[in-house]
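S.K.: Predicted structure and sequence below. I'll ask about it afterward.
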Amino acid sequence: MKSMSLNLCAGAAALILIGIAGCSKSAAPAGVPKVETSAAAADANLTEDRAEIQALQARYMFALDGRDADAYRGTFASNGQLASASGEESGNAIGSFLKEPLRTPMQPKAQGRHSITNVVLDIKGDTARGRAYWYQLGDNNKTYAPYLGAYGHYEDELVKEGGQWRFKRREIFNEMQDARAATAERPTLSFSPPPAVGDSYADNREAIKDLQARYLYAMNWFDPAEYAGTFTPDGTVYMGTRVENGRKQIETVITDYRDIIMGHPTGAGQGLRPPAVRHAITNVVVEITGNTARSWAYWNTLQNDNLKRSAELGNYGSYEDELVKVDGRWQFKSRKIFNQMKADRVAPNVLPTPVHLPVVVPANPTYADNRAAIENLQARYMFALDWQDPEAYASTFTEDGQLVSAVATAKGRDAIRAEVVNMKQNDLKKVAGEKLRPFSRRHTITNLVINIEGDRATGRAYWSGYSNDNAKRSPYLESYGYYEDELAKVDGEWLFTKRTINNEQRIAHAAKPN
């Protein structure tokens with residue numbers, strides 16, 4: 001494996017976000033571990049390429065948020081281009097905006113954090129095309145209350161240069177400012193269907209993640225046939241009391257959804273452009289048995305159906321899926337959609353935390369093999385946290401693992417287990433006597449940067465927390481921050497040896513300038 005070391009601080013919707021909500025003078029955390037990617041090789045497979053491109057996308061995000069112009073420029077090819085509605089940069093000019101002072105001064109602790117989700121890639125040799133969603137979280141300058149600042153999507157062209165993937169061209173669409181981004185429909189069939197995959201966990205996990213992303217693009221751009229095509233011919237989608245069987249019935253989910261979103265949008269009479277609702281998927285857990293699989297994931301909506309067309313947090317919930325692989329390609333056999341905002345579709349309190357099936361990494365693992373296993377571990381951690389399952393949570397750590405936060409340090413599985421027990425007890429006391437249904441708290445993880453050296457690894461990722469702990473049970477952004485991780489492979493399974501939780505709402509754990 002060939003290693004590449006960068007001062008990581010990688011970013012998002014650059015040109016069109018400067019001067020609007022959330023770009024911050026505060027840097028991303030200092031001392032980010034180097035990033036390991038494999039060198040170009042004749043036998044490099046698509047899964048390896050996909051893993052390396054996702055690492056590139058995370059580095060881009062850290063560079064933007066850290067306002068590190070050199071690291072940001074380093075994610076582009078030598079003749080790369082960065083385009084948006086406000087202009088275009090190319091070559092050495094890319095990232096120059098990060099060297100300029102912000103138009104709106106920010107208080108020291110105010111942060112801007114950008115995340116990437118829903119990655120779809122079409123890789124052909126040493127070139128690739130990509131599409132992904134981005135969203136930006138920030139702090140209110142006066143109260144430091146977290147909020148959703150903006151969201152949109154990327155259209156990418158990539159190239160392998162010097163054995164490493166780089167952006168050849170990245171075009172940024174901002175749903176808050178850019179009429180091009182908010183068109184009611186964009187082509188969802190412009191990306192070739194993924195190739196058939198083999199038997200490795202990494203291959204199959206990446207194929208299922210690709211399916212998850214295509215499902216949401218088809219939903220958000222109102223493509224009934226493409227949406228139904230992610231299911232088997234006899235597939236089923238469950239949405240509370242509504243159940244649709246077979247592709248023809250499943251198509252009605254999208255035709256009805258379009259009527260809801262586009263039927264009577266706010267501001268239509270004033271000539272406002274159509275609103276753009278976007279669904280982001282995170283925390284994907286995948287358990288594979290032969291040609292069948294089970295999957296769990298979180299989803300949340302980003303919306304701007306208001307007179308200002310400003311960003312708002314919408315609903316959030318989770319998926320529980322059964323999948324089958326037919327002729328080497330995965331499809332949903334059934335998908336259960338839980339919505340924490342709708343009482344009839346809330347996931348039960350006893351929704352099974354993904355079963356602890358260790359992902360055993362092959363004897364001679366690639367970067368993609370290790371990354372897939374660590375991604376799955378990260379997602380299982382989140383489900384165990386939010387469903388307050390002490391055993392499942394502790395099982396993501398080694399026996400002598402450590403959990404470090406601004407509140408305390410827990411050493412060993414017993415102490416880590418006790419943290420979740422205490423959390424659950426505190427929440428039960430909080431709602432005691434309330435006549436409302438229980439509130440829900442959901443944490444998501446994005447922008448995984450992972451450095452692997454043998455049976456050890458270090459990592460960094462962003463996290464955000466949502467809740468509906470209020471009288472209306474309406475959603476709001478509760479907090480966000482980043483993780484710093486140390487991991488070890490024990491009997492073929494990746495586990496945390498140490499996880500440090502940095503919360504941007506706590507000054508002591510806020511990101512430090514470089």
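M.R.: Great, that's in hand. Since this is a predicted model, take the numbers as computed values, not measurements. Numbers count the residues shown, from 1 in each chain.
S.K.: Residue 211 touches residue 333, doesn't it?
M.R.: No: taking contact to mean Cβ atoms under 8 Å, the distance of 11.8 Å between residue 211 and residue 333 leaves them out of contact. The way it works is simple: take the backbone N, C-alpha and C, and place the C-beta from them, glycine included.
S.K.: shared neighbours, those two?
M.R.: Between them, residue 211 and residue 333 share the neighbouring residues residue 323, with contact defined by Cβ atoms under 8 Å, 6 or more residues apart in numbering.
S.K.: Look at those two and report which has more neighbours.
M.R.: Under the neighbour definition other Cβ atoms under 10 Å, residue 211 and residue 333 were set side by side, and residue 211 has more, 21 against 18.
S.K.: how about the nearest residue to the more buried one, chain neighbours excluded?
M.R.: Ranked by Cβ to Cβ, 6 or more residues apart in numbering and with sequence neighbours excluded, the top spatial neighbour of residue 211 is residue 330, at 5.3 Å.
S.K.: Repeat that for residue 464.
M.R.: The shortest distance from residue 464 to any residue other than its chain neighbours is 4.0 Å, reached at residue 480 (Cβ to Cβ, 6+ apart).
S.K.: now do residue 474
M.R.: If the residues on either side of it in the chain are set aside, residue 474 comes closest to residue 468, at 5.9 Å by Cβ to Cβ, 6+ apart.
S.K.: okay, now the one you found: neighbour count?
M.R.: Residue 468 has 22 nearby residues by other Cβ under 10 Å.
S.K.: Please apply the same query to the one 5 residues further on.
M.R.: In terms of burial, residue 473 registers 18 neighbours under the definition other Cβ under 10 Å.
S.K.: same question, the one 5 residues further on
M.R.: Neighbours of residue 478 under the rule other Cβ under 10 Å: 17.
S.K.: and what of the one 5 residues further on?
M.R.: The burial count assigned to residue 483 is 18, neighbours taken as other Cβ under 10 Å.
S.K.: so it, which of the three states?
M.R.: Following DSSP: H, G, I helix; E, B strand; the rest coil, residue 483 is assigned to strand.
S.K.: Please apply the same query to residue 364.
M.R.: For residue 364, the reduced secondary structure class is coil; criterion used: three-state DSSP.
S.K.: For residue 149, see how far away the spatially closest residue to residue 495 that is not a sequence neighbour is.
M.R.: In space, residue 495 comes closest to residue 398 once its chain neighbours are excluded; the distance is 4.8 Å by Cβ to Cβ, 6+ apart. Note on residue 398: its distance to residue 149, by Cβ to Cβ, to the nearest Å, is 37 Å.
S.K.: Comparing the two, which residue is more hemmed in?
M.R.: The residue with more neighbours, out of residue 398 and residue 149 and counting by other Cβ under 10 Å, is residue 149; that gives 22 against 17.
S.K.: How are the strands of the stretch 401-514 of the chain distributed by residue range?
M.R.: If DSSP state E, counting those that start in this stretch is used as the criterion, the strands of the stretch 401-514 of the chain fall at 409-411, 441-453, 456-467, 476-490, 493-503.
S.K.: got any ranges where the stretch 51-200 of the chain has weak pLDDT?
M.R.: Applying pLDDT under 70 to the stretch 51-200 of the chain picks out residues 101-111, 140-143, 179-189.
S.K.: quick one on the thing from earlier: pLDDT wise, what is the residue nearest to residue 464 at?
M.R.: pLDDT for residue 480: 92.
S.K.: for the one 5 residues further on, same thing?
M.R.: The model reports residue 485 with a pLDDT of 98.
S.K.: How many neighbouring residues does it have?
M.R.: When neighbours are defined as other Cβ under 10 Å, residue 485 has 22 of them.
S.K.: what bridges to the closest residue to it other than its chain neighbours?
M.R.: Nearest residue to residue 485 in three dimensions, chain neighbours excluded: residue 459, at 4.2 Å (Cβ to Cβ, 6+ apart). On the basis of DSSP bridges, residue 459 is bridged to residue 450, residue 485.
S.K.: Residue 459 and residue 330, how far apart?
M.R.: Distance, residue 459 to residue 330, by Cβ to Cβ: 26 Å.
S.K.: any idea how far the helix or strand containing the residue nearest to residue 495 is from the chain center?
M.R.: Here residue 398 is covered by strand 397-404, with elements defined by DSSP states H and E. Remark: strand 397-404 is offset 25 Å from the chain centroid, using Cα atoms, centre = their mean, to the nearest Å.
S.K.: Would you mind listing the buried residues in that strand?
M.R.: By neighbour count on 16 or more other Cβ atoms under 10 Å, the buried set for strand 397-404 is 397, 398, 401, 402, 403, 404.
S.K.: Give me the contact list for stretch 495-505.
M.R.: 29, 109, 111, 113, 139, 144, 146, 377, 381, 396-398, 400-406, 463, 479-489, 509-511.
S.K.: Please produce a ChimeraX select command covering the buried subset of those residues.
M.R.: Here is the ChimeraX command that selects only those of the contacts of stretch 495-505 that count as buried (16+ other Cβ under 10 Å):
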select :29,109,111,113,139,144,146,377,381,396,397,398,401,402,403,404,405,463,479,480,481,482,483,484,485,486,487,488,489,509,510,511
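S.K.: Contact partners for the residue nearest to residue 211?
M.R.: Counting by Cβ under 8 Å, 6+ apart, residue 330 touches 197, 204, 207, 208, 211, 293, 323, 324.
S.K.: In the helix or strand that the fourth one is a member of, which residues are buried?
M.R.: Element membership of residue 208 [criterion: DSSP H and E] is helix 201-220. By neighbour count with 16+ other Cβ under 10 Å, helix 201-220 contains the buried residues 201-220.
S.K.: what about residue 79, how many neighbours?
M.R.: In terms of burial, residue 79 registers 12 neighbours under the definition other Cβ under 10 Å.
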